[in-house]
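A.B. asks: From the sequence below, what's the structure:
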Amino acid sequence: STKRNVYPTTITAIIRFLCGTFEWRLSQYPTSLDLAFNQKTVTPADSPTKEPSRCTCQNPFFSVNSASRCNTCHGISRYLSTASRLSNLQASTSTPPVAVIRVKASLQKKNLMSHKAQATTARKSKNNENNQKDLSHSDISSHYLHTGGNSIGPTTDSHPLQDITNHHNARLTVHPNRPDDGDLNSITTVNKMLSNFVVSYFFTIIAHSFKNILYTEFLFDFVKRDGGWQSFVTSSTMEGHYVTLFTGLREKTSICIIPICHQLHWTILIRRFIGNAWKIFFVDSLEQGSDHRFLQWKTLFRDDDLFSGEWVKVKIIKQTELECGARTCLHGLCFALSSRNSTNIMYNINRISNLAARSRSLVSKICIDGHWSPQGWLQPIISTQQTAFL
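C.D. replies: Numbering: from 1, shown residues only. Now for the predicted structure:
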């Protein structure tokens, strides 16, 4: 299967750890991780008069600083606090370790002795071969002192992270959402579904290029996890999440794109304001089970406020292989950027020869390039002005 777990347990644990470290609030429903990492800070009003006892809870409790207390027993952590660890790190980087200095001195001494021996050999060979260029001991030593020392690192003291990352010849940082080369190279492979990361990266590029397009990574997975759109909005609003998305959904110029991967098949929802009303288009490329999927997602996203609108099931153009992911990208792009009605859009898409291969090539080019570029073969569907707008 090419479908991946887009929200693994490991990522959840990391996010909750960060929330505990920086005193963020992730969820209103406490879990064992919340109890372990989200902690109470003692204020002067509730500070105990005597030294608090150690935390005796079964769950591990890691404190942010000396003022942090366990939410369950109000005890102090048995482990070193984050503030203390950072303080120790900063103190350790103020002067180079003695062991490092000794190693550097030892290596310099050994290499200098080696160069001295090479210089002696060079002087002896000069007497036998007059055509060789003179190479004195001072030249070799000077060359080593200027270049050889770099082989064991810089002599100036600096932050360890800067030694690793701050290089002038470092490779340009790629987009954090960019899939790995394996996923990118397999986009054009026949009968291989596109991964979640490829489809997400494609629409991330589109949303970045066209400011009126709303796209949130893995939105369908979050809505399904919360049991429906209304529950998702309620919990997200209480936690202060997705503010930009919810605000944009009220703007009549915004176009919301929601790709859906369910049971190894890709479909898509496109919500936009047409005429004087909101329309929610459901585009599928597989007839079997399409009616059921349409009703299922209509029920899941049912809402009379932020996601209100008339649901429209678009006529299906059957897929010829497992190109549903690439077709989802094509459908989302065309319905978002075209000023034509849905019937006309699908009519022009149906006229494209070798639609599966063209769809895959479109996704491959945009994702590998990392930016949007006008597609001439889509001119009958997408107007020149919209295609050229970056």
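
A.B. asks: Can you name the element that comes right after the lowest-mean-pLDDT helix or strand in the chain?
C.D. replies: Comparing every helix and strand of the chain by mean pLDDT, DSSP states H and E singles out helix 160-165 as the least confident one, with a mean of 40. Going down the chain from helix 160-165, the next helix or strand is helix 181-185, by DSSP states H and E.

A.B. asks: Can you give me the buried ones in that next one?
C.D. replies: Of all the residues in helix 181-185, those buried under the rule 16 or more other Cβ atoms under 10 Å are 183, 184. In short, each C-beta sits where N, CA and C put it, glycine included.

A.B. asks: cool, and stretch 266-283?
C.D. replies: 266-272, 278-283.

A.B. asks: measure that stretch end to end?
C.D. replies: 9 Å (Cα to Cα, to the nearest Å).

A.B. asks: Give me the contact list for it.
C.D. replies: Applying Cβ atoms under 8 Å, 6 or more residues apart in numbering, the contact partners of stretch 266-283 are 193-194, 199, 249, 252-260, 284-285, 293-294, 297-298, 301, 307-314, 324-325, 327-328, 331-332, 335-336, 342.

A.B. asks: Now, these that are in helices?
C.D. replies: 199, 293-294, 297-298, 324-325, 327-328, 331-332, 335-336, 342 (DSSP state H).

A.B. asks: need the residues you listed in TSV with neighbour count, can you?
C.D. replies: Formatted as TSV, those follow (neighbours: other Cβ atoms under 10 Å):
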residue	neighbour count
199	25
293	19
294	18
297	23
298	14
324	22
325	28
327	27
328	27
331	27
332	25
335	24
336	25
342	19
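
A.B. asks: Now flag whichever of these is closest to residue 223.
C.D. replies: residue 297 (9.5 Å; Cβ to Cβ).

A.B. asks: if I pick the closest one, what's in contact with it?
C.D. replies: Counting by Cβ under 8 Å, 6+ apart, residue 297 touches 260, 267, 269, 282.

A.B. asks: for the residues you listed, which one is nearest residue 75?
C.D. replies: residue 260 (46.9 Å).

A.B. asks: who does that closest one bridge with?
C.D. replies: Beta-bridge partners for residue 260, by DSSP bridges, are residue 267.

A.B. asks: What separation do you get for it and residue 278?
C.D. replies: 19 Å (Cβ to Cβ, to the nearest Å).

A.B. asks: Pull the contacting residues for residue 198.
C.D. replies: Counting by Cβ under 8 Å, 6+ apart, residue 198 touches 179, 183, 184, 187, 325, 363, 367.

A.B. asks: from these, which two are the most distant?
C.D. replies: With Cβ to Cβ as the measure, no two of the contacts of residue 198 lie farther apart than 184 and 325, at 13.1 Å.

A.B. asks: How far does stretch 237-246 stretch from one end to the other?
C.D. replies: Using Cα to Cα, first and last residues of stretch 237-246 are 9 Å apart.

A.B. asks: Give me the below-cutoff pLDDT ranges for the stretch 251-390 of the chain.
C.D. replies: Low-confidence segments of the stretch 251-390 of the chain (pLDDT under 70): 384-390.

A.B. asks: do the same with the stretch 51-200 of the chain
C.D. replies: The model of the stretch 51-200 of the chain has pLDDT under 70 over residues 51-52, 58-67, 71, 80-174.
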